[in-house]
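In: What shape does this take:
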Amino acid sequence: MNAEGFQADILAEPEALERVAGELGGVGLERLLEAPRVLFLGMGSSAYAAANAAALLRSRGVDAHVELASTGAPQPPSPDTAAVVISASGGSSETVEAMRRHLGTSRVVALTNRAGSPLAEHADVCVDVLAGEEAGGIACRSFACTQAVLALMCGRPADEILRAAEAAATLIDGRGGWLEALAGTAEGAAGVWAAAPAERFGTAQQSALMLREAPRIVADACETGDWLHVDVYLTKRPRYALLLLTGSRYDAEVLEWREKREFAVIAVGEGIAAADLQIPFPGAGEHTVAAIAATVVAELLAAELWRRHPI
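Out: Numbering: from 1, shown residues only. So this is what the prediction gives:
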């Protein structure tokens, strides 16, 4: 992994998202999920991307699940299951093993960034997420592209992917207005915690992962409503900083705790006047746009902290 490559990968995300919309937007990917039951399988970022897609499907009444490929109690294969196996490298050992359980029984659909990989070679259908080589060695651009492909598979129009690309470009181009302040907050904090609505929780998980994987700081994620039951206790300690990916109906209650305990809140997305720092982007009220674009903030922060404090 290297910091310069990571930065370059982030800056190339809008172009990659436009490529996904242009090349895959009209090919009918939604037919790949035409099954009574949809099961997503992956590890790390792949599972996070799948969580956002599964939430979208479940909101429409689809029987959709996300399973860590490493589980010791896997859901069984069946002819009525579309098993979507996800790995940017196409070679994650846990995901390859999980795929093998489903081959010959479930319909196996692979999402990968690498042609010729075990997933690409053995799945019934393989979709290239079109992220290209990631010079930084960290799954950031491939995460964005995987989310874009999954959104198309869930029946979302290509125009939404283009709006996500525009939102990502807005954050990248405007980083001079907020990144310095955000990095200063992160450097003075005991860690950076991320929260997002349940239907976009994968975006918060990915945001925290970027901060652990690149600059190697303390970071974790919590669903916004659950934050009131789980992470609120951490605010008793000084130097707590929350990256709030807005849009939950529980945002206001989180901010009530901020008034009591005076911890730092950085609002990403729709504006919140009480936040210490606001980082807006167009389309923040749209599920697909927000799910894809909001991660750019944590990625750019991670790259900046890594630059300042090389590991």
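
In: what's the helix or strand hosting Leu119 in contact with?
Out: Element membership of Leu119 [criterion: DSSP states H and E] is helix 118-122. By Cβ atoms under 8 Å, 6 or more residues apart in numbering, the list of residues contacting helix 118-122 from outside reads 85, 87, 90-91, 95-96, 99-100, 103, 108, 110, 112, 114, 126, 128. To be clear about C-beta, it is placed using only N, CA and C from the backbone, and glycine gets the same treatment.

In: May I see the buried residues of the longest helix anywhere in the chain?
Out: Ranked by number of residues, the top helix in the chain under DSSP state H is helix 158-173. Buried residues in helix 158-173, defined by neighbour count with 16 or more other Cβ atoms under 10 Å: 158, 160-172.

In: hang on, the earlier thing: mind giving me the packing neighbours of whichever helix or strand comes after the helix holding Leu119?
Out: With elements assigned by DSSP H and E, the helix or strand that comes after helix 118-122 is strand 125-128. In terms of contacts (3 or more Cβ pairs under 8 Å, 6 or more residues apart in numbering; DSSP states H and E), strand 125-128 is packed against strand 107-112, helix 118-122.

In: got the buried residues for the helix holding Leu119?
Out: Those would be Pro118, Leu119, Ala120, His122, for helix 118-122 by 16+ other Cβ under 10 Å.

In: Can you tell me which of those is closest to Glu286?
Out: Taking Cβ to Cβ as the measure, Glu286 lies nearest Leu119 of the buried residues of helix 118-122, at 29.8 Å.

In: hang on, the earlier thing: same question for the helix holding Leu119, mean pLDDT?
Out: On average, the pLDDT along helix 118-122 is 96.

In: Do you have the helices of the stretch 151-300 of the chain handy? List them.
Out: 158-173, 179-187, 201-213, 224-227, 251-261, 287-293, 295-308 (DSSP state H, counting those that start in this stretch).

In: ugh, wrong one, the stretch 1-150 of the chain
Out: Under DSSP H, counting those that start in this stretch, the stretch 1-150 of the chain gives helices at 3-11, 13-24, 45-58, 93-102, 118-122, 141-153.

In: mind saving the C-alpha coords of the fifth one as PDB?
Out: The C-alpha trace of helix 118-122 is given here as PDB (Å, rounded to 0.1, in the frame of the first residue of the first chain):
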ATOM      1  CA  PRO A 118     -11.200 -17.700  -9.300                       C
ATOM      2  CA  LEU A 119     -14.600 -15.900  -8.900                       C
ATOM      3  CA  ALA A 120     -14.600 -14.800 -12.500                       C
ATOM      4  CA  GLU A 121     -13.600 -18.200 -13.800                       C
ATOM      5  CA  HIS A 122     -16.100 -20.300 -11.800                       C
END
